[in-house]
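Novice: Dropping the sequence and predicted coords here.
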Amino acid sequence: MPDTFKTITSISEGIYKEKGSKFLSFAIPVSSNDEIKEIVKDYRKRFFDARHVCYAWMLGPERTDFRANDNGEPSGTAGRPILGQINSRDLSNILIIVVRYFGGVLLGTGGLVVAYKEAAANAFNQAEIIEKAVEVSIEIRFDYQKMNEVMKIIKDSYAQIINQKFDNECFINFSVTKSNAESALKKLEKINCVIITEN
């Protein structure tokens, strides 16, 4: 798994016009399948009067989780060119939606491919692309008297505590960048912390 991946900082928009048809594009940073489903549903509601609401998305630092949707356009003429724009920029954790208002003139399959590709590219041209560190989530168990040592290791690793439970036996779940995870785990194991999960 890579240590970093490229994504965008916030929603950006673009527009492309061809023979009366108008293509509105939206590049949206996302982090899960559920989030994507909700956003697509929301945009379909918002643009209920549009002829097509097509999209493509890519998730995960390894860029192996993705989908393209033509939403009624001829197969491969909308979702695939949108996905092509995501791939050409090596981005992940991103959803691109392109909304088409039909202008009365058929564009043909070649024209559609160009229109969806250009609309997606226009949204990217407005976006700020950043490199993000891959985060891993770690859950540990340890005795209460080790609390100070554990907290120091977590702090020194610039980790973010997700949740914690303190009793005779303590549990902490935290996320840390992949590059800092290895040394943090070694230090925690050295003081006899039990690593419950790591993903």
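Specialist: Alright, I've got the coordinates. Nothing here was measured: the structure is a model prediction, and the numbers come from that model. Numbers count the residues shown, from 1 in each chain.

Novice: what helices or strands is the strand or helix carrying residue 24 leaning on?
Specialist: Using DSSP states H and E, residue 24 falls within strand 21-29. Here strand 21-29 touches strand 4-8, strand 12-18, strand 94-101, helix 108-125, going by 3 or more Cβ pairs under 8 Å, 6 or more residues apart in numbering; DSSP states H and E. Using the backbone N, CA and C atoms, a C-beta is placed for each residue, glycine as well.

Novice: my read: residue 127 touches residue 13, true?
Specialist: No - Residue 127 is beyond contact range of residue 13, at 9.3 Å (criterion: Cβ atoms under 8 Å).

Novice: Low-confidence bits of the chain, can you list those?
Specialist: 1, 198-199 (pLDDT under 70).

Novice: Now do the helices in it.
Specialist: 33-46, 79-88, 108-125, 147-156, 178-190 (DSSP state H).

Novice: Residue 104: neighbour count?
Specialist: As a burial measure, residue 104 scores 7 neighbours (other Cβ atoms under 10 Å).

Novice: quick one: contacts for it?
Specialist: By Cβ atoms under 8 Å, 6 or more residues apart in numbering, the contact set of residue 104 is residue 20.

Novice: list the contacts for residue 33?
Specialist: Counted by Cβ under 8 Å, 6+ apart, residue 33 has contacts 59, 65.

Novice: now the one 3 residues further on
Specialist: Contacts here follow Cβ under 8 Å, 6+ apart; on that basis residue 36 touches 30, 57, 59, 95.

Novice: Can you select the buried ones from these in PyMOL?
Specialist: Provided next is the PyMOL selection string for whichever of the contacts of residue 36 are buried by 16 or more other Cβ atoms under 10 Å:
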select buried, resi 30+57+59+95
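
Novice: Could you check how far the residue in the chain sticking out farthest from the centre is from residue 186?
Specialist: Using Cα atoms, centre = their mean, the residue of the chain lying farthest from its centre is residue 145. It sits 39.3 Å away. Distance, residue 145 to residue 186, using Cβ to Cβ, to the nearest Å: 21 Å.
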